[in-house]
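1. turn this into a model:
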Amino acid sequence: MKTRDLFADVPEQRRRLMAKVRPTDSKPEMLVRRAAHGLGFRYRLHVRTLPGKPDLVFPRLRKVVFVHGCFWHRHPGCTRTTTPKAHAEYWQQKFDDNVRRDEVSQSRLEALGWTVLVIWECDTKDQAGLVSRLNEFLSESQ
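-> You can find the predicted model right below:
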């Protein structure tokens, strides 16, 4: 069964809203990119040859940053980690798959010698804290 058929009874407004969700260049990701650039660090974006296609890759430092949305990647304890009531089983499976894929990607990166930082969408609300956390992560030696 196609996803479109599964959600045939979902209101058009929600369908349009969900269609706007994009995997790259999100507002939280752009905030992290600006912060890293402002600190003087240069990076590559969404390197497809690395597991999980990290959002920011610092090749010289062997470090990567993932910017995860709290809703999609299930930030533990976050108020944005809600589950839609319609088609709850479908959504739960989708969220479980996302979390499992994230864990596998991070493990594979670490096995390849990369250091991983996950920044949650809600962490980007505190810009000073974000800058401090990024600076600490990127400045520390392996």
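2. drop to CA atoms for contacts and neighbour counts, all remaining ones
-> Will do.
3. list the buried residues for the helix ranked longest in the chain?
-> Assignment by DSSP state H gives helix 88-111 as the longest helix of the chain. Judged by neighbour count using 16 or more other C-alpha atoms under 10 Å, the buried positions of helix 88-111 are Phe95, Val99, Asp102, Ser105, Gln106, Leu109, Glu110.
4. contacting residues for the fourth one?
-> Put plainly, it is Ser105. When contacts are counted by C-alpha atoms under 8 Å, 6 or more residues apart in numbering, Ser105 is found next to Pro51, Gly52.
5. same question, Gln92
-> Applying C-alpha under 8 Å, 6+ apart, the residues contacting Gln92 are Thr83.
6. now stretch 86-97 - C-alpha only, PDB.
-> In PDB, the C-alpha atoms belonging to stretch 86-97 read as follows (Å, rounded to 0.1, in the frame of the first residue of the first chain):
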ATOM      1  CA  ALA A  86      -4.300   9.500  13.400                       C
ATOM      2  CA  HIS A  87      -2.500   6.400  12.100                       C
ATOM      3  CA  ALA A  88      -0.500   6.100  15.400                       C
ATOM      4  CA  GLU A  89       0.800   2.600  14.500                       C
ATOM      5  CA  TYR A  90       2.300   3.900  11.200                       C
ATOM      6  CA  TRP A  91       3.900   6.900  12.900                       C
ATOM      7  CA  GLN A  92       5.300   4.800  15.800                       C
ATOM      8  CA  GLN A  93       6.900   2.400  13.300                       C
ATOM      9  CA  LYS A  94       8.300   5.400  11.300                       C
ATOM     10  CA  PHE A  95       9.700   7.000  14.400                       C
ATOM     11  CA  ASP A  96      11.200   3.700  15.600                       C
ATOM     12  CA  ASP A  97      12.900   3.200  12.200                       C
END
